[in-house]
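give me the fold of what follows.
(one chain, ligands or ions: 1)
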Amino acid sequence: MSRRLPLRLYQLCQLQLRQNPQLAAASARRLSTLTGTKAPAFTSFFFRNDQWTAFPPVPARSPSISFRSQSIPVASALSYAPHTAPLSQYKPTEALSIPKTLRLYAELSKSRLSILVVLTAMSGVAMSPLPTTVPVLLSTALGTALCAAAANTLNQIQEVPFDAQMSRTRNRPLVRRAISPLHAAGFAVATGIAGPAILWTMVNPTTAILGAANIALYAGVYTWLKRRSIANTWVGSVVGGLPPLMGWTACGGQWLPSFDSPMTPFLPSFLSPIDPATLDIALVDNPLSALSLFMLLFCWQFPHFNPLSHLMRDSYAKAGYQMLCVTDPRRNAAVALRYTLLLTGVCSVLTPLSGLTTWAFALTSLVPNLICVRAAWNFWRHTSDKQARALWHHCLWYLPAILGLMMVHKQGMNWGEWLGFVKKEDAEQTKVISSESAANVQ
Ligand SMILES: CC(C)=CCC/C(C)=C/CC/C(C)=C/COP(=O)(O)OP(=O)(O)O
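Numbers count the residues shown, from 1 in each chain. Purely as a prediction, here's the structure:
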């Protein structure tokens with residue numbers, strides 16, 4: 001009797017809904033992800049998932065709701081059969097060994113993405129003119145990694161039913177039920193507390209606040225917006241732009257303009273009355289430098305993500321994500337081109353103007369930038385999969401190349417001396433000679 005109770009309840013509900021079409025339509029609107037009208041409630045995937053539930057046959061005279069001139073039978077949106085598998089078919093869950101658990105944690109953290117995030121945070125440290133210590137450096141890396149792990153886990157917890165519908169993501173640990181949502185949530189809470197706490201205690205409060213804010217922005221705003229508005233891509237780009245800023249603030253760098261730390265432009269030598277040899281490197285620590293680091297990573301997201309999303313537009317459409325590549329593929333390509341052009345401006349004007357690099361970077365960075373502009377132009381003109389793939393591939397080597405170039409042209413950096421090719425006294429001598437000859441010219 002007790003085993004038949006859920007079936008009875010289910011049949012009663014169905015009967016109620018069939019007799020009351022208005023209630024049925026309202027429930028269908030609430031439940032259906034097929035129509036794409038509304039996102040399901042946060043916890044709905046604990047109870048049902050299209051991927052795992054077979055639809056029972058739809059009755060011949062079933063009521064239907066219409067959405068965007070499509071007639072969708074209410075029964076097909078409502079009929080989720082209760083479990084009918086005999087208990088003998090259930091098998092006990094495999095116990096998690098420590099290596100397996102660690103592997104699952106790495107998957108929940110999207111480890112490759114998190115490593116990239118830590119590397120971009122380190123680029124902020126590397127470009128800072130302020131000295132730092134090894135403990136601060138390691139704590140920044142660890143704290144950022146933990147924040148990224150928390151953000152990515154919280155994102156996956158919310159996206160199980162949608163990840164299940166895309167071939168790229170359907171093998172994620174929560175989708176394949178390799179780990180329970182509660183266990184994943186525990187991991188997210190632990191990393192989400194540990195990350196900002198390490199940054200707060202070992203680095204500084206500003207970096208910790210930026211880390212915590214980025215978790216909220218990614219796991220809250222971005223993840224929520226993905227199924228509601230194409231603006232999600234812009235929010236996601238802010239998320240990608242913040243880690244280098246965290247590296248910058250970790251060294252004590254200024255990031256918000258104030259009376260004590262105004263934006264100080266470094267003009268090219270032919271426009272500046274200041275002798276480059278007597279330049280005060282401490283002035284590089286100004287909010288314009290922080291803005292330039294943020295803008296570099298913010299703009300890069302578009303030529304990186306837009307062609308990638310173009311290649312996956314079918315999956316995004318199927319899972320009900322609001323993406324420009326689905327709603328307007330041509331505009332998606334136009335946005336990628338626009339931000340590639342902006343990226344060129346960031347490298348050739350903003351970065352040397354902020355003082356992060358010398359003005360030579362304005363010229364050398366043109367090589368990778370123009371290669372990417374050409375690829376983005378082709379993507380925009382043809383909006384084809386082939387051109388999307390080409391632009392995405394270019395963006396992969398672009399980032400390490402441009403960050404490497406920035407290091408080469410870092411303001412005040414004497415690579416000959418750093419690598420030991422030039423002795424410190426010789427370097428000082430060269431500085432004196434160059435400042436004397438500059439004075440003679442004046
Ligand atoms: C310090 C800190 C908290 C950093 C966070 C860094 C972070 C998580 C960056 C991700 C940026 C981003 C928009 C990825 C796409 O997510 P997606 O959800 O579209 O990817 P998916 O489709 O593969 O799930």
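
just give the number of residues close to residue 171.
Close neighbours of residue 171, defined as other Cβ atoms under 10 Å, add up to 12. C-beta: built from backbone N, CA, C; applies to glycine.

I meant to write residue 144 there.
Residue 144: 31 surrounding residues under other Cβ under 10 Å.

okay but it is in contact with residue 119, surely?
No. The criterion here is Cβ atoms under 8 Å, and residue 144 misses it with residue 119 at 9.7 Å.

per-residue pLDDT, the residue of the chain found nearest the ligand?
Closest approach between the chain and the ligand, counting by Cβ to the nearest ligand atom: residue 236, at 2.9 Å. Looking at residue 236, its pLDDT is 97.

residue 282 too?
71.

how does the chain divide into domains?
Per automatic domain parsing, the structural domains of the chain span 97-240, 254-411.

make a markdown table out of the ones you listed and add distance to residue 420.
Formatted as a markdown table, the domains of the chain follow (distance: least, Cβ to Cβ, whole Å):
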| stretch | distance to residue 420 |
| --- | --- |
| domain 97-240 | 19 |
| domain 254-411 | 17 |
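
wait, which of those domains is closest to residue 87?
Comparing those against residue 87 with Cβ to Cβ, the closest turns out to be domain 97-240 (18.2 Å).

quick check: end-to-end length of that closest one?
Distance across domain 97-240, first residue to last, is 33 Å (Cα to Cα, to the nearest Å).

what's the neighbour count on residue 183?
Residues within reach of residue 183, counting by other Cβ under 10 Å, total 17.

picking up where we left off before, lowest average pLDDT across the domains of the chain?
Comparing mean pLDDT over the domains of the chain, the weakest stretch is domain 254-411, at a mean of 91.

mind checking the end-to-end distance for that domain?
Where domain 254-411 begins and where it ends lie 17 Å apart, using Cα to Cα.

check whether it contacts the ligand.
No. Using Cβ under 6 Å from any ligand atom, domain 254-411 stays clear of the ligand, with a minimum separation of 6.9 Å.

please state the offset of that domain from the chain centre?
In this view, domain 254-411 has its centroid 15 Å away from the chain centroid, taken as Cα atoms, centre = their mean, to the nearest Å.

hang on, the earlier thing: hang on, the residue of the chain closest to the ligand in a helix?
Yes. Assigned with DSSP: H, G, I helix; E, B strand; the rest coil, residue 236 falls within a helix.

ok, how many other residues are close to the nearest residue to it once chain neighbours are set aside?
Excluding the flanking residues, the one nearest residue 236 by Cβ to Cβ, 6 or more residues apart in numbering is residue 222, at 5.0 Å. Neighbours of residue 222 under the rule other Cβ under 10 Å: 22.

please apply the same query to residue 367.
By the measure other Cβ under 10 Å, the count of residues near residue 367 is 11.
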